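Participant: No letters, just coordinates:
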């Protein structure tokens with residue numbers, strides 16, 4: 001089982017930027033897709049972005065496409081989410097997650113087996 005720890009959340013004004021990091025330990029994540037999800041108060045957890053094990057493929061939710069960028073550094077066992085042009089509706093707890101099966105890239109939360117504790121992102125208007 002891999003342990004995931006997110007960092008980089010905080011309070012930012014609309015239009016600003018934040019960079020989230022997700023550090024993995026316990027086992028390598030090199031062969032697994034990594035995803036970011038978010039959950040706002042009273043809402044269900046939703047997909048934000050996913051990156052394939054090699055980093056060659058990325059997918060984004062329509063709501064963040066063009067503003068957020070997911071990347072990974074397999075040598076550091078770390079995944080990042082660069083968030084630009086933030087909006088108040090991006091306010092949520094952001095979670096990173098590791099895929100259940102090596103080599104499989106998916107956007108469904110059910111296909112991710114390890115989750116971090118989350119980091120709060122608050123965007124003020």
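Facilitator: Nice, thanks for sending it over. Just so it is clear, the structure is predicted and the values come from calculations on it, not from any experiment.
Participant: List the buried residues for stretch 37-54?
Facilitator: For stretch 37-54, a neighbour-count test (16 or more other Cβ atoms under 10 Å) marks 37-38, 45, 47-53 as buried. In this view, the C-beta of every residue, glycine as well, is placed from N, C-alpha and C.
Participant: Next: stretch 108-123.
Facilitator: In stretch 108-123, residues buried by neighbour count (16+ other Cβ under 10 Å) are 111-112, 114-116, 118-119, 121, 123.
Participant: Tell me the one of the buried residues of stretch 37-54 nearest residue 88?
Facilitator: Distances from the buried residues of stretch 37-54 to residue 88 were compared by Cβ to Cβ; the smallest belongs to residue 38, at 13.4 Å.
Participant: Leaving out chain neighbours, which residue sits closest to the closest one?
Facilitator: Beyond its immediate neighbours in the sequence, the residue positioned closest to residue 38 (Cβ to Cβ, 6 or more residues apart in numbering) is residue 92, lying 3.8 Å away.
Participant: That neighbour against residue 40, yeah?
Facilitator: Yes - in this structure residue 92 lies within contact range of residue 40 using Cβ atoms under 8 Å: 4.2 Å.
Participant: just to revisit the earlier point, what's across from the residue nearest to residue 38 in the sheet?
Facilitator: For residue 92, the residues forming beta bridges with it (DSSP bridges) are residue 121.
Participant: if I look at it, how far off is residue 103?
Facilitator: Using Cβ to Cβ, to the nearest Å, residue 92 is found at 29 Å from residue 103.
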